[in-house]
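*Asks:* Quick one: sequence plus predicted model below, questions after.
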Amino acid sequence: MSTSTNHQTEKHTDVVESIVPMMPIVLPVGGAILIFLLAFIAVFMA
């Protein structure tokens, strides 16, 4: 019995590793949106 396994070498990029270079842009933008939404809710409730 001969078992031949042909594994193709796929370059599998991790989702986290693809997001890490964008963190200096994503974090401040996300923070600004969150602060804006919280301030909008506070003004709307007042």
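*Replies:* Received it, and whenever you're ready, just let me know what you need.

*Asks:* Now the helix or strand harbouring Leu34: average pLDDT?
*Replies:* Using DSSP states H and E, Leu34 falls within helix 23-45. Averaged across helix 23-45, the pLDDT comes to 96.

*Asks:* which helices and strands does it pack with?
*Replies:* For helix 23-45, there is no helix or strand it packs on, judged by 3 or more CB pairs under 8 Å, 6 or more residues apart in numbering; DSSP states H and E. In this view, the C-beta of every residue, glycine as well, is placed from N, C-alpha and C.

*Asks:* Ser18 and Leu34, how far apart?
*Replies:* Ser18 sits 23 Å away from Leu34, going by CB to CB, to the nearest Å.

*Asks:* Using PDB, list the CA coordinates for the helix holding Leu34.
*Replies:* Presented in PDB, the C-alpha positions along helix 23-45 are these (Å, rounded to 0.1, in the frame of the first residue of the first chain):
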ATOM      1  CA  MET A  23      -4.200  49.300  13.800                       C
ATOM      2  CA  PRO A  24      -2.800  52.900  14.000                       C
ATOM      3  CA  ILE A  25      -5.600  54.000  11.700                       C
ATOM      4  CA  VAL A  26      -8.400  51.600  12.900                       C
ATOM      5  CA  LEU A  27      -8.100  52.300  16.700                       C
ATOM      6  CA  PRO A  28      -8.400  56.100  16.600                       C
ATOM      7  CA  VAL A  29     -11.200  56.100  14.100                       C
ATOM      8  CA  GLY A  30     -13.100  53.500  16.100                       C
ATOM      9  CA  GLY A  31     -12.500  55.400  19.300                       C
ATOM     10  CA  ALA A  32     -13.700  58.700  17.700                       C
ATOM     11  CA  ILE A  33     -16.900  57.000  16.400                       C
ATOM     12  CA  LEU A  34     -17.500  55.400  19.800                       C
ATOM     13  CA  ILE A  35     -17.100  58.800  21.600                       C
ATOM     14  CA  PHE A  36     -19.300  60.500  19.100                       C
ATOM     15  CA  LEU A  37     -22.000  58.000  19.500                       C
ATOM     16  CA  LEU A  38     -21.800  58.100  23.300                       C
ATOM     17  CA  ALA A  39     -22.000  62.000  23.300                       C
ATOM     18  CA  PHE A  40     -24.900  61.800  20.800                       C
ATOM     19  CA  ILE A  41     -26.800  59.500  23.200                       C
ATOM     20  CA  ALA A  42     -26.000  61.700  26.200                       C
ATOM     21  CA  VAL A  43     -27.300  64.800  24.400                       C
ATOM     22  CA  PHE A  44     -30.300  63.000  23.100                       C
ATOM     23  CA  MET A  45     -31.300  61.700  26.500                       C
END
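
*Asks:* Nothing else from me, thank you.
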